[in-house]
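Undergrad: What would the 3D arrangement of this be:
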Amino acid sequence: MLPAERIKAVLDHTKLSRRALGISLGYNDGTVLFHIMNGRNNISTKLAQNITLKFPEINFKWLLYGEGEMLLPKKHIDNNDLKTEVEYLKKQIEVLNTRIEQLEQELHKK
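TA: Presented below is the predicted three-dimensional model:
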């Protein structure tokens, strides 16, 4: 599969426009993707890393070299790990809510 076809597949998978994907990856617009889709450039290692960091289900080797399948196999998620993560996030939210309340009180004192 050509680089242009792989980028098209990523766009289809993410349901983003070329411009929206480019912006979500930290570019000003979708020009970098446009050049790949028109055959001017290949997919760089940096672009492949950016895409796979943003969309970890996408296979880096597939994106960069066309090897394997586009999507990585889904990992089994242990419910205990999820419960631990949820509890951690709840505590973080409580801390942030407390901080927000403190800042609001300081703001109203002024």
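
Undergrad: Give me the residue ranges of the chain where confidence is low.
TA: Scanning the chain for pLDDT under 70 picks out 76-77.

Undergrad: need the longest helix for it.
TA: helix 79-109 (DSSP state H).

Undergrad: Determine how far it lies from the middle of the whole chain.
TA: Its chain's C-alpha centre and that of helix 79-109 lie 24 Å apart, by C-alpha atoms, centre = their mean, to the nearest Å.

Undergrad: Likewise for stretch 70-88?
TA: Worked out by C-alpha atoms, centre = their mean, stretch 70-88 lies 17 Å from the chain centre.

Undergrad: Just after the helix or strand where Leu11 lies, pick out the following helix or strand.
TA: Leu11 belongs to helix 3-14 when elements are defined using DSSP states H and E. Using DSSP H and E, the helix or strand that follows helix 3-14 in sequence is helix 18-24.

Undergrad: Now do the phi/psi pair for the residue most central in space within the chain.
TA: Nearest to the mean C-alpha position of the chain, by C-alpha atoms, centre = their mean, lies Lys54 at 1.5 Å. Dihedral pair for Lys54: phi -70, psi -30, per degrees, to the nearest 10.

Undergrad: picking that back up, tell me which strands and helices the longest helix of the chain is in contact with?
TA: If you count contacts as 3 or more C-beta pairs under 8 Å, 6 or more residues apart in numbering; DSSP states H and E, helix 79-109 packs onto no helix or strand. Every residue, glycine included, has its C-beta placed from N, CA and C.

Undergrad: follow-up on the earlier one: which other helices and strands does the helix holding Leu11 contact?
TA: Under the contact rule (3+ C-beta pairs under 8 Å, 6+ apart), helix 3-14 is packed against helix 18-24, helix 31-37, helix 60-65.
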